[in-house]
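Undergrad: Please work out how this folds:
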Amino acid sequence: MNEQYSLGDLIKGNVFENQSNDENISLISDLKPNEIKEVEGKVISKRLQKTKSNKSFLLITISDKSQSIRAIDWYYPEENNNKIQVGDVVRVKGKTVLFDNRLQINISNEDDSIRKMSMAEINPEKYLKFSNNDLNILKSNLEIYIKKVENDGIKALLEQIFEKNQKLKEEFFFSPAAMEVHHAYPGGLLEHSLMVTEISLNLCNLYQEEKEIVINKDIIIAGSLLHDIGKIQEYSVTPAGIIKTEAGELIGHIQLGTKILYDESKKINPKIKEKDLKHLVHIILSHHGEIEYGSPIVPKTIESFIIGLSDNIDSKIAQVKDNIRNALQIDKDSEWSEYDKRLARKIRIERDD
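TA: Prediction:
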């Protein structure tokens, strides 16, 4: 599945005029035990296995934007294993049952019990989450931050990327910040970058009290807005969800971001000072904080420390909030979230007294 579309087309609904409106296809989070259902989902894993008595079965996990569910096929495991691949969107027929206190689908004994869906059938609303924030307000906040920059060269670079280059501008406005970890929806990159800017400026104000220690506020704003700019080329949005591009797989957003900066810096007047450009590139290269977390170099300026920490704060808090939302979606009275392997913990859900 490698068809890709512009976010503008997805949002305006220009691509999927013939998509299925079958009301029997539910979001996974709507499923209840002991239902005979057709369930649509994106294959995120599959394993052909054998029991101790040497009987084959196919274990697949499918997901939509609400959650994931496991499905098990005892009847046509080899055939269906060959029919589908990870990343395909499929429609499975079966009965929902509780197994180990978790809902799963026992796939029915029919030769079409698992069917790969065509791109035209897929409803992107089942797979794409969208920001709760007003895009126009986010755009306005971006313009406000750019206007606060006093350095002419740094401001010219920001204006070139976020205002004059229409392609980069549109991609930035609608790009996700990740596939699933945090801000994994159209507009997520803009939302995340603005939050990192706000957190960074607050930290800057807190720590800029000693006269002998200078924190460059223009670099703070520009570095925060640009730290993840390479993600506009790392991810692509399809009706079945967010995928990594070939450039994302082979190069990654950190290196892609530095190239964008160097390329766009050649187009501006007044020119940005070489030391400022290097500083912004350093922030992109170091914003993951540690080499083992993917940064080719560690932060070596106070501004890069601030932005790296702000990036980590926003991504972690976003993960915690998503974890809580998912738990409440399953059970509104939940006191704890499910265990999150990325955070390596469960989260207690606070209530108003």
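Undergrad: these two touch, right, residue 307 and residue 200?
TA: Yes: using C-beta atoms under 8 Å, residue 307 makes contact with residue 200 at a distance of 5.3 Å. Any C-beta I mention is one placed from the backbone N, CA and C, and that applies to glycine too.
Undergrad: Give the intersection of the neighbour lists for those two.
TA: Counting by C-beta atoms under 8 Å, 6 or more residues apart in numbering, the shared contacts of residue 307 and residue 200 are 220, 223, 224.
Undergrad: of these, closest to residue 104?
TA: residue 224 (43.3 Å; C-beta to C-beta).
Undergrad: could you show me where the helices are in the stretch 1-150 of the chain, in order?
TA: Using DSSP state H, counting those that start in this stretch, the helices found in the stretch 1-150 of the chain span residues 7-12, 77-83, 135-148.
Undergrad: The ones you listed: lowest mean pLDDT?
TA: Among the helices of the stretch 1-150 of the chain, helix 7-12 has the lowest mean pLDDT, at a mean of 46.
Undergrad: Please identify the residue most distant from the middle of the protein.
TA: Among the C-alpha atoms of the chain, the one most distant from their mean position (C-alpha atoms, centre = their mean) is that of residue 53, at 41.8 Å.
Undergrad: Could you check how many residues crowd around residue 201?
TA: Residue 201: 18 surrounding residues under other C-beta atoms under 10 Å.
Undergrad: Check which element follows the helix or strand harbouring it along the chain.
TA: Assigned by DSSP states H and E, residue 201 belongs to helix 188-207. As assigned by DSSP H and E, the chain's next helix or strand after helix 188-207 is helix 217-226.
Undergrad: Run the angle between that following helix and helix 188-207 for me.
TA: Angle of helix 217-226 versus helix 188-207, following axes from the mean of the first three to the mean of the last three C-alpha atoms, to 10 degrees, is 150 degrees.
Undergrad: Tell me the gap between helix 217-226 and the middle of its chain.
TA: Centre-to-centre, helix 217-226 and its host chain are 22 Å apart (C-alpha atoms, centre = their mean, to the nearest Å).
Undergrad: other SSEs contacting it?
TA: helix 135-148, helix 152-159, helix 188-207, helix 274-286, helix 302-330 (3 or more C-beta pairs under 8 Å, 6 or more residues apart in numbering; DSSP states H and E).
Undergrad: Could I get those helices in a markdown table, plus columns for distance to residue 267?
TA: Putting the helices and strands packed on helix 217-226 into a markdown table (distance: least, C-beta to C-beta, whole Å) gives the following:
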| stretch | distance to residue 267 |
| --- | --- |
| helix 135-148 | 16 |
| helix 152-159 | 9 |
| helix 188-207 | 21 |
| helix 274-286 | 13 |
| helix 302-330 | 24 |
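Undergrad: Out of residue 307 and residue 200, name the residue with the larger neighbour count.
TA: Using other C-beta under 10 Å as the criterion, residue 307 and residue 200 rank with residue 307 on top: 32 against 28.
Undergrad: How about the contacts made by the more buried one?
TA: Contact analysis of residue 307 by C-beta under 8 Å, 6+ apart lists 196, 200, 220, 223, 224, 227, 283, 287.
Undergrad: low pLDDT regions in this protein?
TA: 1-26, 353 (pLDDT under 70).
Undergrad: any idea which strand is longest in it?
TA: Taking DSSP state E as the assignment, the strand of the chain that covers the most residues is strand 36-50.
Undergrad: Do I have it right that residue 83 meets residue 114?
TA: Yes: under the criterion of C-beta under 8 Å, residue 83 makes contact with residue 114 at 6.5 Å.
Undergrad: Neighbour count: the two, which is higher?
TA: residue 114 (26 against 14).
Undergrad: before we move on, what SS does residue 179 have?
TA: What DSSP: H, G, I helix; E, B strand; the rest coil gives for residue 179 is coil.
Undergrad: If you drop the residues flanking it in sequence, what lies closest to it?
TA: Spatial nearest neighbour of residue 179, chain neighbours left out: residue 242 (4.7 Å); criterion: C-beta to C-beta, 6 or more residues apart in numbering.
Undergrad: Checking that neighbour next. Helix, strand or coil?
TA: Applying three-state DSSP: residue 242 is strand.
Undergrad: what sits opposite it in the beta ladder?
TA: residue 237 (DSSP bridges).
Undergrad: give the contact list for it.
TA: Per C-beta under 8 Å, 6+ apart, neighbours of residue 242: 128, 176, 178, 179, 180, 184, 235, 236.
Undergrad: again, but for residue 93
TA: Residues in contact with residue 93 (C-beta under 8 Å, 6+ apart) are 36, 37, 38, 107, 108, 110, 112, 113, 114.
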